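[1] sequence first, then the predicted structure:
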Amino acid sequence: MFRRKNNLEQDHVQQAQGAQPQYEKKYTDDSFWDKVVKFAKTAGREVIEKALWLYYAAQQPNTPLWAKTAIYGALGYFISPIDAIPDITPVIGYADDLAVLAAAVATVASYITADVKQRATEKLGDWFGA
């Protein structure tokens with residue numbers, strides 16, 4: 001059992017290391033909040049919700065380094081002005097961002113706790129209403 005868990009964790013580390021490494025280096029808290037606040041309405045509730053889940057999960061002390069690496073890679077991609085589909089493209093501009101965020105959410109799902117979701121819901125309520 002322990003060996004299997006260790007192998008699974010190694011798989012996650014390898015996935016995290018391969019997930020958008022150039023974007024992880026571009027991530028900063030300030031650039032994340034600038035993008036979220038400025039583009040919350042344009043990006044839409046679903047994109048912002050996933051971004052907030054990841055952000056708050058990364059702030060948890062029990063989230064391991066491999067998971068934080070995956071999270072910061074995805075959030076770095078989200079805040080980057082250069083991505084597969086430019087964010088200024090009407091309607092589909094955030095589709096690639098959502099796909100990257102959703103993949104990261106799936107990868108680190110066990111670290112997205114009820115508390116993380118609650119904090120995100122409260123912030124979403126501030127921006128989008130109840």
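    Yep, it's here.

[2] which parts of this structure are strands?
    Remark: no strands are assigned in the chain by DSSP state E.

[3] quick one: the helices in it?
    Using DSSP state H, the helices of the chain run over 2-18, 21-24, 29-43, 45-59, 65-79, 95-107, 114-128.

[4] average pLDDT for the shortest one, rounded please.
    What it means is helix 21-24. Regarding helix 21-24, the rounded mean pLDDT is 59.

[5] counting neighbours, what do you get for Ser31?
    15 (other Cβ atoms under 10 Å). (C-beta placed from N, C-alpha, C; glycine too.)

[6] pretty sure it sits against Tyr77.
    No. Using Cβ atoms under 8 Å, Ser31 is not in contact with Tyr77, being 11.9 Å away.

[7] per-residue confidence at Lys68?
    The model's pLDDT for Lys68 equals 95.

[8] tell me the contacts of it?
    Each residue near Lys68 by Cβ atoms under 8 Å, 6 or more residues apart in numbering is listed here: Ala58.
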